[in-house]
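>>> Next come a sequence and a model predicted from it.
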Amino acid sequence: MENDTTLRTWLDALNLDHPLVIAGPCSAETEEQVLNIAHQLQDTDVSYYRAGIWKPRTRPGMFEGVGALGLKWLQKVKAETGLKTATEVANRAHVELALEHDIDLLWIGARSTVSPFIVQEIADALQGTDKIVLVKNPVNPDLSLWLGAIERLAAADIKKLGAIHRGFSTYEKTKYRNNPEWQLAIELQTKFPDLPLINDPSHITGKRNMIFDVSQTALDLNFDGLMIETHSDPDNAWSDASQQVTPSSLVQIMKDLKIRKETDTEANYNAKLNNLRAQIDMIDNQVIELLGKRMKVADGIGMLKKQKNVAVLQSKRWNEILGKMVLEGEEKGLSEEFILKLFKAIHQESINHQERIING
């Protein structure tokens, strides 16, 4: 897919003075619930009302959505509030039903993005339509899969495209439900700067009290909008209760996050500076996480050396590592002085970890 400024046309046409907001319940539960939430979101920053009609769940027996009946409720939402509507589609049948009910925006979920067969089926079903289609990142951190899904839709002559960043699954326990892996979203932006990029803080955090912070980070990184799950009674929601916010909470979040368009040079400089600093913050967090993992490996080496009564310092290996890192650092534009200082500090911390274990 080539960079194409026409990708932004549908977003620019909205002429918003704030980030694009897609909001609504994780799942459409009842007609009353769907309409109640929609009326509370009417006349707010929300442009598209989202509701899950078909819910792909991890395990059977969980609530899997009301099905096509919910599409009629979304039609009532549009008729009564003027809000445009959005839902997830996972196969050709979903697409055909959504088109029949004139849903304005469709998105492909993370579980579907991983399958080129599913994405191609959806692309074929959408060919020739003018619907907005957003692609969530796949559940695993694979930029090629994400791009591949977008490219399949572009090849089907779908002009109104965008991407949704909802975080990535990981076997490691973190504070997030789905680790944001911000660097992948940044790389997507770098490759295709004209592709609208929406952040989904609900699925990244899994906790409503973290929604604001992740949303702010996304906006600092120049995301175009947010998809936030919103429910009138979140604690009693039929799915993903802990990550949904109330309509009033959403209004407050958007009020605090509001970004006005600025045209003066100073504002432009500050926006670029904030973007770069946000990227540095993300990378710094990754560096700390990797160093923590490295020291855990060092602990394992310390245990092994203790069992075999082997000395902590292995000079030959250390010199080999240092020489290799200096060469690799030079290829990345890093000075020998910096590499030596950095890896000597890392090596000393590793020795400290091993000595504590051996002498424990």
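Ah, there it is.

>>> only C-alpha atoms for contact and neighbour calcs from this point on.
Noted.

>>> doesn't Leu188 fall inside a helix?
Yes - judged by DSSP: H, G, I helix; E, B strand; the rest coil, Leu188 forms part of a helix.

>>> residues contacting it?
143, 147 (CA atoms under 8 Å, 6 or more residues apart in numbering).

>>> before we move on, what about the one 10 residues further on?
Taking CA under 8 Å, 6+ apart as the definition of contact, the neighbours of Ile198 are 162-165, 223-227.

>>> let's see 6 Å
164, 223-226 (CA atoms under 6 Å, 6 or more residues apart in numbering).

>>> tell me the SS of it?
strand.

>>> just Phe212 next, same as before
With three-state DSSP as the criterion, Phe212 reads helix.

>>> For Glu187, see how far away it is.
Distance from Phe212 to Glu187, counting by CA to CA, to the nearest Å: 23 Å.

>>> Also His94?
31 Å.

>>> These two: who's more crowded?
His94 (20 against 12; other CA atoms under 10 Å).

>>> Can you give me the distance of that one to Ala271?
From His94 to Ala271 the distance is 40 Å (CA to CA).

>>> Ok, Lys308 next?
56 Å.

>>> okay, the two: which has more neighbours?
More crowded of Lys308 and Ala271, by other CA under 10 Å: Ala271, with 16 against 9.

>>> Quick one: residues contacting the more buried one.
Contacts for Ala271 (CA under 6 Å, 6+ apart) come out as none.

>>> and it, helix, strand or coil?
Going by three-state DSSP: Ala271 is helix.

>>> mean confidence score for stretch 24-32?
Averaged across stretch 24-32, the pLDDT comes to 97.

>>> quick revisit: just the contacts of Ile198: which are in strands?
Assigned to strands by DSSP state E, the following of the contacts of Ile198 qualify: 164, 225-226.

>>> CSV please, covering those residues and showing distance to Ser242.
CSV is the format used below for the ones in strands among the contacts of Ile198 (distance: CA to CA, whole Å):
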residue, distance to Ser242
Ile164, 21
Gly225, 22
Leu226, 18
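
>>> Quick one: buried ones out of the residues you listed?
Among these, those scoring as buried are 164, 225-226 (criterion: 16 or more other CA atoms under 10 Å).

>>> between those residues, which is closest to Glu331?
The closest of these to Glu331 turns out to be Ile164 (CA to CA; 33.9 Å).

>>> Val133 - that's part of a helix, no?
No - under three-state DSSP, Val133 sits outside any helix and is assigned strand.

>>> Show me the beta-bridge partners of it.
With DSSP bridges as the criterion, Val133 is bridged to Leu106, Leu161.

>>> what's the burial count for it?
Using other CA under 10 Å: Val133 sits among 24 other residues.

>>> Contact partners for it?
Listed by CA under 6 Å, 6+ apart, the contact partners of Val133 are 105-107, 161.

>>> 10 Å instead, please
Contact partners of Val133, counting by CA atoms under 10 Å, 6 or more residues apart in numbering, are 86, 88-89, 104-108, 123, 126, 150, 153, 158-163.

>>> Same check on Asn179?
Contacts of Asn179 (CA under 10 Å, 6+ apart): 140-141, 166-170, 172-173, 203-205.

>>> For it, grab phi and psi.
phi -60, psi 130 (degrees, to the nearest 10).

>>> beta partners of it?
Beta-bridge partners, per DSSP bridges, of Asn179: Phe168.

>>> pLDDT wise, what is it at?
The model's pLDDT for Asn179 equals 94.

>>> same question, Asp130
93.

>>> How about stretch 152-163, which residues are buried there?
152-154, 156-163.

>>> Just the terminal-to-terminal distance for that stretch.
First residue to last in stretch 152-163 (CA to CA) measures 13 Å.

>>> can you tell me how far the residue of the chain positioned farthest from its centre sits from Ile357?
Residue farthest from the centre of the chain, counting by CA atoms, centre = their mean, is Asn309 at 47.3 Å. The gap separating Asn309 from Ile357 is 12 Å, by CA to CA.

>>> With Ala185 instead?
40 Å.

>>> quick one, which of those two is more surrounded?
Counted by other CA under 10 Å, Ala185 and Ile357 do not tie: Ala185 has more neighbours, with 24 against 18.

>>> ok, now which ones touch the more buried one?
Residues counted as contacts of Ala185 (CA under 10 Å, 6+ apart) are 137, 143, 163-167, 191, 197-199, 218, 221, 223.

>>> I'd guessed Leu273 sits against Asp220; true?
Yes - assessed by CA atoms under 10 Å, Leu273 is found in contact with Asp220 at 9.5 Å.

>>> May I ask you to confirm that Arg111 is in contact with Pro138?
Yes - between Arg111 and Pro138 there is a contact at 6.3 Å, judged by CA under 10 Å.

>>> Compare these two (neighbour count), which wins?
Neighbours were counted for Arg111 and for Pro138 using other CA under 10 Å; Pro138 has more, 27 against 17.
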